[in-house]
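Chemist: below: sequence and its predicted model.
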Amino acid sequence: MNKTILITGGAGFIGSHVVREFVKKYADYHIINLDALTYAGNLENLKDIEHLPNYTFVKADITDQALITSIFKKYQPDGIIHLAAESHVDRSISDPTAFVMTNVIGTVNLLNAAREIWKDDMTGKRFHHVSTDEVFGALGASGFFTEDTKYDPHSPYSASKASSDHFVRAYHDTYGLPIVLTNCSNNYGPNHFPEKLIPLCIHNILNNKPLPVYGDGKYTRDWLFVIDHARAIDLVFHQGKNGDSYNIGGFNEWQNIDLIKELCAQMDRKLDRPAGTSAKLITFVKDRPGHDLRYAIDATKINKELGWKPSVTFEEGLSLTIDWFLTNQEWLNNVTSGDYQSYYNNQYKGA
């Protein structure tokens, strides 16, 4: 193999799409998928590529420093794409320490392992850290997050990601570690774990359950189709400037309530239900603490420097996403059993 690339969190939602992109596109790369297989990690996401000769799965927790060090020594990766993270704001409010352990300590363990195996020659090496727009805080009715926006995290989740971003940059500045960093907006698409808004609503519409909407539903997010995100990561990993960061967004802002109404309308058409049937399930619930009003990313830099732009409109991407979930209801039923049901009942009391 020409290169060995280790992708952390590769059994998760975004990670599985990145693994697939690299395994299929780069036959001369050995792709190591390192994942702890916690509740949101699912090897079913990668059944279509698990047989390919340039793919290897390794079960490991990035908080286990000794294990991570031994894995790096064994495989000697030329590049790391780091996606493994606790990533749900609601869960971070319930258990912030878990987010510190995975998102901060786990990231530092990876940085230390990379620094150790690359200490004699960093030529051609790269540590790509995948982060979120939530590190920038919240926007008012106008403006956009750029790569130069001041960090202002408001939840334990975004604070933990902001900390990991700072450590990645510090290892570049202090030790010369070759890094790139990307901050993305809200992702959606196939294989999305249904604690998040879009798959949760698809699941609930299929089961005629309430669609929980926080507050007045006017929180605004920029939505990015996950396959477009995977392609952007490919570009930044290979062509991004050493030590630099790139914002990845969909140029696509929606208020939560408008998004859910569009999803309801598409679901009614695809399920041959009378128009307005699904929208009757919308149920407003108590707002969560520290809820940021609006996120919106300016992705001009990655567009101008690397030529990336979204390949689909939101309506098109949403339709593709719904079609995938309707075709893969067994997958959806499997991941929403057991622990997920307890979490859901606790999180959305009254819905």
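Modeler: Now that the structure is in, tell me what you want to look at. Residues are numbered from 1 along each chain as shown.
Chemist: what does the top helix by length along the chain contact?
Modeler: In the chain, ranked by residue count with DSSP state H as the criterion, the top helix is helix 156-175. Identification of contacts with helix 156-175 by C-beta atoms under 8 Å, 6 or more residues apart in numbering yields 85-89, 91-93, 96, 99-100, 102-104, 107-108, 111, 115, 127, 129, 131-132, 134-135, 137, 151, 153, 177-179, 181, 183, 242-243. All C-beta spots, glycine's among them, are computed from the backbone N, C-alpha and C.
Chemist: distance from the chain centre to stretch 104-121, please.
Modeler: Between the centre of stretch 104-121 and the centre of its chain there are 22 Å (C-alpha atoms, centre = their mean, to the nearest Å).
Chemist: in that stretch, what's buried?
Modeler: 104-111, 113-115, 117-118 (16 or more other C-beta atoms under 10 Å).
Chemist: next SSE after the host helix or strand of residue 21?
Modeler: Residue 21 belongs to helix 13-25 when assigned by DSSP states H and E. Helices and strands here follow DSSP H and E; after helix 13-25, the next one along the chain is strand 29-35.
Chemist: can you give me the angle that following strand makes with helix 13-25?
Modeler: Relative orientation of strand 29-35 versus helix 13-25 (axes from the mean of the first three to the mean of the last three C-alpha atoms, to 10 degrees): 160 degrees.
Chemist: same for strand 29-35, what does it pack against?
Modeler: Applying 3 or more C-beta pairs under 8 Å, 6 or more residues apart in numbering; DSSP states H and E, one finds that strand 29-35 contacts strand 3-8, helix 13-25, strand 55-59, helix 65-75.
Chemist: ok, which of those comes nearest residue 216?
Modeler: helix 13-25 (27.5 Å; C-beta to C-beta).
Chemist: ok now the closest one, how far from the chain's centre?
Modeler: 12 Å.
Chemist: could you check the angle strand 3-8 makes with it?
Modeler: Using the same axes, to 10 degrees: helix 13-25 against strand 3-8 is 160 degrees.
Chemist: can you list the low-confidence ranges for the stretch 201-350 of the chain?
Modeler: Applying pLDDT under 70 to the stretch 201-350 of the chain picks out residues 338-350.
Chemist: give me the neighbour count for residue 289.
Modeler: 10 (other C-beta atoms under 10 Å).
Chemist: what's the first helix or strand after the longest helix of the chain?
Modeler: Beyond helix 156-175 on the C-terminal side, the first helix or strand identified by DSSP H and E is strand 179-184.
Chemist: which other helices and strands does that next one contact?
Modeler: Secondary-structure packing of strand 179-184 (3+ C-beta pairs under 8 Å, 6+ apart): strand 126-132, helix 156-175, helix 226-239, strand 245-248.
Chemist: now these as JSON lines including mean neighbour count and distance to residue 197?
Modeler: What follows is these, written out as JSON lines (neighbours: other C-beta atoms under 10 Å; distance: least, C-beta to C-beta, whole Å):
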{"stretch": "strand 126-132", "mean neighbour count": "24", "distance to residue 197": "15"}
{"stretch": "helix 156-175", "mean neighbour count": "20", "distance to residue 197": "15"}
{"stretch": "helix 226-239", "mean neighbour count": "21", "distance to residue 197": "14"}
{"stretch": "strand 245-248", "mean neighbour count": "24", "distance to residue 197": "19"}
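Chemist: which among these is found nearest to residue 284?
Modeler: Across the helices and strands packed on strand 179-184, closest to residue 284 is helix 156-175 (C-beta to C-beta), at 23.0 Å.
Chemist: check the average confidence over the closest one, would you?
Modeler: The pLDDT scores in helix 156-175 average 97.
Chemist: quick one, it and strand 179-184 angle?
Modeler: 160 degrees.
Chemist: how far off centre is helix 156-175?
Modeler: Chain-centre distance of helix 156-175: 17 Å, with C-alpha atoms, centre = their mean.
Chemist: residue numbering should commence at 40 henceforth.
Modeler: Sure, I'll start numbering at 40, so the last one becomes helix 195-214.
Chemist: may I have it exported as PDB, CA atoms only?
Modeler: Extracted in PDB, the C-alpha atoms of helix 195-214 (Å, rounded to 0.1, in the frame of the first residue of the first chain):
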ATOM      1  CA  PRO A 195     -20.100  21.200  27.600                       C
ATOM      2  CA  TYR A 196     -20.000  19.500  24.200                       C
ATOM      3  CA  SER A 197     -18.800  22.600  22.300                       C
ATOM      4  CA  ALA A 198     -16.300  23.500  25.200                       C
ATOM      5  CA  SER A 199     -14.800  20.000  24.900                       C
ATOM      6  CA  LYS A 200     -14.400  20.400  21.100                       C
ATOM      7  CA  ALA A 201     -13.000  23.900  21.500                       C
ATOM      8  CA  SER A 202     -10.400  22.500  23.900                       C
ATOM      9  CA  SER A 203      -9.400  19.700  21.500                       C
ATOM     10  CA  ASP A 204      -9.100  22.300  18.600                       C
ATOM     11  CA  HIS A 205      -6.700  24.300  20.800                       C
ATOM     12  CA  PHE A 206      -4.600  21.200  21.600                       C
ATOM     13  CA  VAL A 207      -4.300  20.300  17.900                       C
ATOM     14  CA  ARG A 208      -3.100  23.800  17.100                       C
ATOM     15  CA  ALA A 209      -0.700  23.800  20.100                       C
ATOM     16  CA  TYR A 210       0.900  20.600  19.000                       C
ATOM     17  CA  HIS A 211       1.500  22.200  15.600                       C
ATOM     18  CA  ASP A 212       3.000  25.400  17.100                       C
ATOM     19  CA  THR A 213       5.000  23.600  19.800                       C
ATOM     20  CA  TYR A 214       6.200  20.400  18.200                       C
END
